[in-house]
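**Q** The following comprises the amino acid sequence and a computationally predicted model.
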Amino acid sequence: MTEKIATQGITPRDRLIVALDLPSIAAAQAMVARLGDSVSFYKIGYQLAYTGGLSMVGELAGAGKKVFVDLKLHDIGNTVASGVESLAKLGATFLTVHAYPQTMKAAVEAREGSPLKILAVTVLTSYNDSDAQEAGYRLGVSDMVEMRARQAQAIGVDGIVCSAEEASNLRKILDPKIALVTPGIRPAGSDIGDQKRIMTPTRAIQSGVDYLVVGRPVIGAADPKAAADAIVAEVAAARP
Ligand code: C5P
């Protein structure tokens, strides 16, 4: 099997994205220091961003780390474009937007000429068919995921955030250069927390996932560095 373009030249370590879901910049900085060379890619989401954590984007990028800013943007095109330009200047590598055509187009155009890559969130994984219907959608969740993923590809989005279960289907219908980025990863034997649909790192890689987003199994572990090393070892040993 030829290597997927989305992960070509990328080491197993670079495929692990650790979610810094922590309540303060000090706690996040302490975790980054603890993880040291074991982790090269971090995710900053609402919790840390809204306590001033976006200042860590430049700090981490300056230290040679990659940063995934998970703010799931969705607004009028002009506002999305301005936000994307600002984040690109900070040195972020990945940014999420909701998979609405206007939003995706604005984001893709605004990131031109920068290393920032845009990831589309098709349908939030907390939604089932009846939630989608209640929100006014005609399609069921799986049809909507597929439709939006195809639209994302046509618009030039760089990757899709998807559940591990969606990954194998999306891998079949999408160009190999589109990165699949997947949360809900749980190493065998770890606590599943509030994640309902989970997959081990090995199964995720086998399903065509490119990047694994892992929070609590690393940052909540007694030894976060050892937990990260174990996941990277599992990714290295897994064959797609
Ligand atoms: O702690 P855990 O490994 O469950 O963290 C997963 C991370 O991925 C969290 O930051 C969470 O917000 C995010 N995420 C998710 N499910 C999605 C999208 C994002 O768990 N569908």
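**A** Cool, the structure landed. Residues are numbered from 1 along each chain as shown.

**Q** what's the span of stretch 106-116, first residue to last?
**A** End-to-end distance of stretch 106-116 (C-alpha to C-alpha, to the nearest Å): 14 Å.

**Q** can you list contacts of that stretch?
**A** 73, 77-78, 80-82, 84-85, 87-89, 92-95, 97, 117-118, 155-157 (C-beta atoms under 8 Å, 6 or more residues apart in numbering). C-beta here means a position set from N, CA and C on the backbone, and glycine is covered the same way.

**Q** Of these, just the buried ones, PyMOL syntax please.
**A** Those of those that count as buried under 16 or more other C-beta atoms under 10 Å are selected in PyMOL with:
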select buried, resi 73+77+80+81+84+87+88+92+93+94+95+97+117+118+155+157
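
**Q** Okay, and which of the contacts of stretch 106-116 map to helices?
**A** Judged by DSSP state H, the contacts of stretch 106-116 include 77-78, 80-82, 84-85, 87-89, 155 as members of helices.

**Q** Burial check on A237, number of neighbours?
**A** 11 (other C-beta atoms under 10 Å).

**Q** Return the per-residue confidence for it.
**A** If you check A237, the pLDDT there is 94.

**Q** could you list every residue that touches the closest residue to it other than its chain neighbours?
**A** Spatial nearest neighbour of A237, chain neighbours left out: T202 (7.4 Å); criterion: C-beta to C-beta, 6 or more residues apart in numbering. Contacts for T202 were tallied using C-beta under 8 Å, 6+ apart; they are 234, 237-238.
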